[in-house]
Structure formats: C-alpha cells, structure tokens
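Participant: Predicted model and sequence follow; I will ask about them next.
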Amino acid sequence: MEEKRGKVSPDHLRLDASAEVARITSFIRDKVITTLRRKGVVVGLSGGIDSSTVAALAVRALGADRVIGLFMPESDSSDDSLRLGHLLAEKLGIRTFTEDISDILRGAACYRRRDEAIRTVVPEYHSGYKSKLVLSSLDSSEFRISYVVVQSPEGEQRKVRLTAEAFLALVAATNFKQRTRKMMEYYYADRFLYAVAGTPNRLEYDLGFFVKNGDGSADIKPIAHLYKSQVYQLASYLGVPGEIIDRPPTTDTYSLPQSQEEFYFSLPYDQMDLCLYGKTNGVPPADVAEALGMSEAQVERVYRDIDAKRAVARYLHMEPLLIERLQETVAGG
Amino acid sequence: MTSIEAQVRQYVTDRLLFGRSDVVVEGDTSFLESGLIDSTGVLELVAFLEEAFKIKVEDEDLIPANLDSINALTQFILAKSQALANSRA
C-alpha cells in the first residue's frame, strides 16, 4: 500500500479500493487454491463489517459457489447478528449453514463457569442477570482495570471491579464461544475440503483483540493488514448492505450489549486507527493529536496503551515453540 | 530496607518476575514501562496489597503514581496503613 506523505490526517488511511480488492482477491485465489490446495473458503458470519467484507472478498476471488457462510448464534447473541448475516448471505448468493452452539457451550459449562466467576464478586448474580466485561477508561488511569457490569432481572445495573481470579475465570469461560465457533468452522472446512478465512482487521490483529485458537485461528486472514476505516471503505466498494456498514462494532460475546470501545480499544475506531497508524509509523503524538482534536497527553497515553497491548499480544501470536525447527514441515522446505 | 519494602520486593520477584533472580528491578523502575505488569497483573497486585497489608484499595488508588514501582508501592502502603491506623485511633 502506498504511504502518503505530508501531515498526518485520516486521509492517510484512504486507499484505492479497486486496487486493494484486486490485490486481496488475487491473494485469496493464490493461497486457497495453490498454497493450501482447498476448493473454497468457510467464513463465520457475525453480521459485522469484518466478516461481511471477508465474505464479499472471497466471493469476488473464488465465486459464490466456493464460499460457505456459517451462522453460529448462542444464547447471548443479538438477534441482529443472525438477521444481518442472512441479509449479506442472500446478497452474495452463498451457501450457508446455521449451527446454534448454545448446547455445546452448555456441555462445556461455559455459562455456568462464567456465572460462578461473576458470583465471586457479585454473590447475588444468577442466570436471570445479564452481564458484560468493561475496561476502565484510558483517561482515568494508565492501568486498565477490568470491571464486570451486571444487570438484575429488574433492570438495575452495577459495575464491580473484578479480582484477578474472577477476571481470568470469566475470560476463560467466555473464550469457549470463540473456540467453539472455530471448531465448527473447521468441521465445515474438513467436510468440504475448504480453507477457513479469519476476519481480524489490523486493530484486532496487531493489538491482540482475539482468542488464541479461537477467532485468532484461520488458514488465511485477508484483511489483517487493513485499518478498520479501510475495511469500511472496501465494504462500501464491495456493496456490503448499508445496515451492516452502519452498525456499531460489537463483541456480541456478553449478554449485555457491549461495544468494542468499552471492552478493548477505548477510542472510536477512526481515532484508534489514526493513533495506531501514527504509533506504527513514528508520527509524533502532537501531530496525531492535532489531526484528531485530542490533547498530546491523550495520544501519548494511547501510544503507551498500544505498547501494553502489543506486549500481551505477543503470546497470542506465538506459534508452539519447538526445540528445533523441522525444515521438512515448512511449506516448500 | 523496611519490612514493607522487603515484602513488596519479594512479591515483585515471585509474581512479576515469576521467580527469576537474574533480573534487577530498581526501586524506581516503572512496572508498566518495563513490561512487568499488565491489566491482570494490576488486579493480582491489588489482591496482594489487600491481603498482605489489610488495606482497602479504592478505584481511585489505581494509578501509576501509587502502584508503578517498588518505591511508589512502599509509599502507598505506608500512607494507607497510617490512614487506617489514624481512623482507628
């Protein structure tokens, strides 16, 4: 991608959509057919912008008859996810399968383990409650503290700081969701000799907003190099339905509505995009601050938060470590 | 070295360095900047402070000025313990 010169601004992230789509579709064709030797791709569809864009790119690359869309709702999913996913699949004309993963999750005691973790800090919590995980705002402290927000059946909300044990147990339990979805994607990939397309954008991939061996697992990740605002550009170019483009990004993992901002990124995606671009390309915080109408101190905090997130993401990106690399197992080796 | 600082140093060695003795952490080394602590580590640190020193760590206490180095932690524990003792006196 051509780097644009001059003072930093959101324009730096504008790309030539036609050229980028050509580059990505060529990559998908080459990697899926030649390198991976698979007949098509499976994409888990969440009704969100990233998976919709990946599915649209895969259709352009391989044709609609070589793309499978998977809907994998569970008890906490928003109804909108399934509806918007169907809207996209119909527009693309792809084959779809629906797998409600709630029973698998119940079998793994995902919900029970989650509720037990929450009860260690909110003893009255029971299955009639709803919940979500949130991080303290970047303005309040450079330490990002995790809280659980619980809502009683009567609608009363409370925000309670988590203990380390409760936080780890809660995340471990909810990670069953992403891992179960990936297991199901590989079931269809194995069944039809397809590859699995992962759907992280650059913010998610770089900053570790994924579950290892869950949504972090895939055979190809065709938009992992794109900032979120660039994904939106491609989505518009590819004709992804406006209702999907206009939907605020959500994690769709917890029973209370949860934005990606409050769970992970702390900033709206367009601001986070430019901060990540600035940090990655050595742009002084003052320049990014001016472009975004933020203070220099705020951008400095975001830069430090990026460092902290990248430090945590290193483990997530690591492949299994070996005593020695076996050349025979490397493609082309 | 005070007893508080010794306990803090032991915690740093055991929990932030996972027992490694070949890494030197100075009194003013920033846990954040040196990558010794992440958001889960802060929650573990809070549990240690509340259990070992019987102090209550409030949300507003969770700032680097209080928790981001051995010196800062030692001062924070001392101030909290004194405040607690005064409130009981």
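Facilitator: Good, I have the coordinates. Residues are numbered from 1 along each chain as shown, chains lettered A, B, ... in the order given.

Participant: All the strands of chain A, in order from the start?
Facilitator: A:41-44, A:67-71, A:95-98, A:130-135, A:146-151, A:157-161, A:195-196 (DSSP state E).

Participant: now do chain B
Facilitator: Under DSSP E, chain B gives no strands.

Participant: Single out the most deeply packed of the strands of chain A.
Facilitator: strand A:41-44 (a mean of 30; mean count of other CB atoms under 10 Å in any protein chain shown). C-beta here means a position set from N, CA and C on the backbone, and glycine is covered the same way.

Participant: That strand packs against which elements?
Facilitator: Contact partners of strand A:41-44 among helices and strands, from 3 or more CB pairs under 8 Å, 6 or more residues apart in numbering or on different chains; DSSP states H and E: helix A:49-62, strand A:67-71, helix A:164-192, strand A:195-196.

Participant: I'd like to know which of these lies nearest to chain B.
Facilitator: Taking CB to the nearest CB, helix A:164-192 is the member of these nearest to chain B, at 3.8 Å.

Participant: any idea of the mean pLDDT for the closest one?
Facilitator: For helix A:164-192, the mean per-residue pLDDT is 97.

Participant: between it and strand A:157-161, how many degrees?
Facilitator: Relative orientation of helix A:164-192 and strand A:157-161, computed by axes from the mean of the first three to the mean of the last three CA atoms, to 10 degrees: 100 degrees.

Participant: one step back: how about CSV for the helices and strands packed on strand A:41-44, with distance to A:Ala108 added?
Facilitator: As requested, these are exported to CSV (distance: least, CB to CB, whole Å):
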stretch, distance to A:Ala108
helix A:49-62, 23
strand A:67-71, 19
helix A:164-192, 5
strand A:195-196, 21
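
Participant: where are the low-confidence patches of chain B?
Facilitator: Filtered on pLDDT under 70, chain B yields no residues whatsoever.

Participant: Centre-most residue in it?
Facilitator: B:Leu73 (3.9 Å; CA atoms, centre = their mean).

Participant: mind checking how far the closest residue to that residue other than its chain neighbours is from chain A?
Facilitator: In this structure, B:Leu73 finds its nearest non-sequential neighbour in B:Val8, 4.9 Å apart by CB to CB, 6 or more residues apart in numbering or on different chains. From B:Val8 across to chain A, the span is 17 Å (CB to the nearest CB, to the nearest Å).

Participant: same for the longest helix seen in chain B, what does it pack against?
Facilitator: Assignment by DSSP state H gives helix B:70-88 as the longest helix of chain B. Judged by 3+ CB pairs under 8 Å, 6+ apart, helix B:70-88 is in contact with helix B:3-11, helix B:39-52, helix B:64-67.

Participant: I'd like the helices and strands packed on strand A:41-44 laid out as JSON lines, including distance to chain B.
Facilitator: What follows is those, written out as JSON lines (distance: least, CB to the nearest CB, whole Å):
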{"stretch": "helix A:49-62", "distance to chain B": "24"}
{"stretch": "strand A:67-71", "distance to chain B": "32"}
{"stretch": "helix A:164-192", "distance to chain B": "4"}
{"stretch": "strand A:195-196", "distance to chain B": "29"}
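
Participant: Figure out which of these is closest to A:Tyr232.
Facilitator: Closest to A:Tyr232 of the helices and strands packed on strand A:41-44, according to CB to CB: helix A:49-62, at 6.4 Å.

Participant: show me where chain A has helices.
Facilitator: Here chain A has its helices, by DSSP H, at A:17-29, A:49-62, A:79-92, A:102-107, A:110-119, A:164-192, A:202-207, A:228-238, A:242-246, A:260, A:269-280, A:285-292, A:296-317.

Participant: Pick the most buried one from the ones you listed.
Facilitator: Using mean count of other CB under 10 Å, the stretch among these with the largest mean neighbour count is helix A:49-62, at a mean of 26.

Participant: wait, what's in contact with the closest residue to B:Val57 other than its chain neighbours?
Facilitator: Nearest residue to B:Val57, sequence neighbours excluded (CB to CB, 6+ apart): B:Val46, at 4.9 Å. Counting by CB atoms under 8 Å, 6 or more residues apart in numbering or on different chains, B:Val46 touches A:163-164, B:57, B:62.
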